[in-house]
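Asker: sequence below, structure please.
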Amino acid sequence: MRIAELEVMLVGLPTRRVHRWAGLQGPIGRYVVVRVRGEDGLEGWGETPCLPDWGGAYGTHYGETPQTVRHVLQDLLLPALREEDVFDLPRVHQVMDRVIKGHPYAKAALDIALHDLKGRALGVPVYELLGGKVREWIPVGHSIGLMDVEAAVEEARQVVGEGIAHIKVKGGPDPARDIRTVEAVREAVGPDVEIRLDANQAYTVPVAIRTLRVLERWGLALAEQPTEGIDELAAVARAVSVPIMADESAWTPRDVLHLREAGAARYVSLYVTKPGGLYRARQMAAVLEAAGMEADVGGSAEFGIGNAANLHLGAASAAVTVPAIIPITTVAGREQTRVAGRIYTDDLLAAPFEYRAGALRVPSGPGLGITVDPDKLGRYRLAWS
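Answerer: Residues are numbered from 1 along each chain as shown. Next up, the predicted model:
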């Protein structure tokens, strides 16, 4: 199969509320959606939640914008792949990496669309292309962004009432506030709900150690990326009993090996986008499994297309044992929650993924198993600037 057409679109969805984390400079929800048409007329959909201020530790990875993604896809990757069999996904990634180094979010958009196209052509779900399904339901957690303690407590109560049993509290700029928030949320939701703290690299090593030692008595399930850098994570991990999860320090299979060798993290936040798409993410999951490490499926508040890719990755990866911090995709008029996992008030999809008791069901139709609503696409599509 060869690419007949690649359409790169800028899309913006309405958010339920402002969602903030340490280091985020602008709003979320203005992302790139791609549509690939094969030579037989079949289509595949991809998405990338590109952000200019999101990257790896100490400049090892860097932000991408919708404009850089469009340039990489249209001007570099598409010409190089015109004559390639895009069902040969290992070859596709070899070509993409030869043409341009880095830019994993741009590559991920195309990779997702090609997985969707191939699955539709073969009549199988994407998780079959990733090696098969180890689970049908993906437990999900809810992310509470940077907000006042009282607002965080109220949101925590609401999402637990809607079936959530794992809460991520965003922190970083003010460790004292983070301690107050975790303590207040714990008192509000009781002992059975898991709580993690995600500082998005904002702590120094001494601050991280001091903060996590205070929070140990509040039953913190894990601390996600409290500091910048693998060596710094290792120093924290040696000093506290709270398990450490790597996010900004975990982009590739080699990062997983480094994290394990350094004793820096027990958990990794596994993305579709950070490694450059589903093909590379499944490789990363295999290394996690071999290393005896565990993961969640993480992301950057994807729309429904990207969230479908999240679900297929979680379905095919045995290492995914921690509730995923991904949206509970909401379609206007078919809301399944009022607050829990509800980042946007509408989506491009014709139907939401089934949500039940804190978990999302993996779609089982061909490809990603989704239908994009053309009216919604027209409504939320934005002009390129």
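
Asker: would you map the helices across the stretch 201-350 of the chain?
Answerer: Taking DSSP state H, counting those that start in this stretch as the criterion, the stretch 201-350 of the chain carries its helices at 205-215, 230-239, 253-262, 278-291, 304-316.

Asker: can you check the pLDDT for the closest residue to Gly132 other than its chain neighbours?
Answerer: Of all residues not flanking Gly132 in the chain, Ala316 sits nearest, at 6.4 Å (Cβ to Cβ, 6 or more residues apart in numbering). For every residue, glycine as well, the C-beta is placed using N, CA and C. Ala316 is assigned 98 on the pLDDT scale.

Asker: likewise Leu24?
Answerer: Predicted confidence (pLDDT) for Leu24: 54.

Asker: I'd say Val302 and Pro327 touch.
Answerer: Check again: residue 302 is Glu, not Val. Yes: here Glu302 reaches Pro327: they are 6.4 Å apart, a contact under Cβ atoms under 8 Å.

Asker: what helix or strand is Arg196 on?
Answerer: Per DSSP states H and E: Arg196 is located in strand 194-198.

Asker: which residues sit against that strand?
Answerer: Here strand 194-198 makes contact (Cβ atoms under 8 Å, 6 or more residues apart in numbering) with 21, 141, 143, 165-171, 178, 182, 185-186, 189, 212, 215, 218-226, 245, 247, 323.

Asker: phi, psi for Val362 please.
Answerer: phi -70, psi 130 (degrees, to the nearest 10).

Asker: ok, now how distant is it from Asp88?
Answerer: For Val362, the distance to Asp88 equals 25 Å [Cβ to Cβ, to the nearest Å].

Asker: the more surrounded of those two?
Answerer: In terms of neighbours (other Cβ atoms under 10 Å), Val362 is the more surrounded of Val362 and Asp88; the figures are 24 against 14.

Asker: skipping adjacent residues, who's closest to that one in space?
Answerer: Val362 sits nearest to Ala315 (Cβ to Cβ, 6+ apart), 4.3 Å away.

Asker: Phe353 now?
Answerer: Closest residue in space to Phe353, ignoring its immediate chain neighbours: Leu360 at 4.8 Å, by Cβ to Cβ, 6+ apart.

Asker: next one: Val86
Answerer: Leu114 (5.2 Å).

Asker: check Thr330 too.
Answerer: Nearest non-adjacent residue to Thr330, counting by Cβ to Cβ, 6+ apart: Arg342, 5.1 Å away.

Asker: wait, isn't the one you found in contact with Ala332?
Answerer: No: applying Cβ under 8 Å, one finds Arg342 not in contact with Ala332, separated by 11.3 Å.

Asker: neighbour count: those two, which is higher?
Answerer: A direct count of neighbours by other Cβ under 10 Å for Arg342 and Ala332 places Arg342 higher, at 20 against 11.

Asker: quick one, what contacts that one?
Answerer: Counting by Cβ under 8 Å, 6+ apart, Arg342 touches Arg16, Pro327, Ile328, Thr330, Glu335.

Asker: what of Ile112?
Answerer: Counting by Cβ under 8 Å, 6+ apart, Ile112 touches Gly44, Trp45, Gly46, Glu47, Thr48, Val272, Gly277, Leu278, Ile305, Gly306, Ala309, Leu368.

Asker: 7 Å instead, please
Answerer: The contact partners of Ile112, taken as Cβ atoms under 7 Å, 6 or more residues apart in numbering, are Gly46, Glu47, Val272, Gly277, Leu278, Ala309.

Asker: distance check, Glu128 against Asn310.
Answerer: For Glu128, the distance to Asn310 equals 17 Å [Cβ to Cβ].

Asker: those two: who's more crowded?
Answerer: A count of neighbours by other Cβ under 10 Å puts Asn310 above the other of Glu128 and Asn310, at 30 against 17.

Asker: ok, that one touching Gly298?
Answerer: No: using Cβ atoms under 7 Å as the test, Asn310 is too far from Gly298 to be in contact (8.5 Å).

Asker: tell me where the model's unsure across the chain.
Answerer: 18-26 (pLDDT under 70).

Asker: okay, the angle between the longest helix seen in it and helix 304-316?
Answerer: In the chain, assigned by DSSP state H, the helix with the most residues is helix 104-122. Helix 104-122 and helix 304-316 are oriented at 80 degrees to each other (axes from the mean of the first three to the mean of the last three Cα atoms, to 10 degrees).
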